[in-house]
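1. Please work out how this folds:
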Amino acid sequence: MSQILANELISAIPYARTLGSEVKVVDDSLTLILPYQQSNIGNPTLPALHGGAIGGFMEVCAMAELRRLSPELPFSKPIGVNIDYLRRGKPVETYARADIFKKGSRVANVRVRAWQESPEKPIAALSGHFLLPKKS
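-> Coordinates of the predicted model:
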């Protein structure tokens, strides 16, 4: 997928625009970037990113990865999402990458990992089931 198509893909998701999400394509793999924004801070005392911003960012990542595989179809819809918050989200850029573990005809199982300094030190992990759109 080209960088231009990836940018168009992300801009089609309203919440991705609200978060200020960006995308980078490396070896045909999508890496989403959540730039630091004061509006994404949940605890100003620490400061720490809001868990909802991190969770929404990872959900957007999963939806974008599923759409990348079937760009002609509408976006998939989350059925059930489980998020593990592993470390405090610092006020710096955050990255996420999705892996599709199983894609059936109606449901896909997706895992997303979000990190800041290193992919080996994730700040959160998402495991979710997404309803795939019907092919016409």
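2. what kind of secondary structure is Lys135 in?
-> With DSSP: H, G, I helix; E, B strand; the rest coil as the basis, Lys135 sits in coil.
3. now it, nearest residue through space, not along the chain?
-> Counting by Cβ to Cβ, 6 or more residues apart in numbering, Leu73 is the residue found nearest to Lys135 once chain neighbours are left out, at 6.7 Å. Quick note: C-beta positions are derived from backbone N, CA and C, even for glycine.
4. so which strand or helix has the one you found?
-> Assigned by DSSP states H and E, Leu73 belongs to no helix or strand.
5. Nearest the geometric middle of the chain, what residue?
-> Cys61 (2.1 Å; Cα atoms, centre = their mean).
6. State the distance from it to Lys135.
-> As for Cys61, its distance to Lys135 is 23 Å (criterion: Cβ to Cβ, to the nearest Å).
7. do the same with Ile10
-> For Ile10, the distance to Lys135 equals 23 Å [Cβ to Cβ].
8. more neighbours, those two?
-> Ile10 (22 against 8; other Cβ atoms under 10 Å).
9. Isn't the more buried one up against Thr18?
-> No: contact criterion Cβ atoms under 8 Å: Ile10 and Thr18 do not qualify, at 11.7 Å.
10. just to revisit the earlier point, may I have the phi/psi pair for the residue nearest to Lys135?
-> Backbone torsions of Leu73, given as degrees, to the nearest 10, read phi -100, psi 160.
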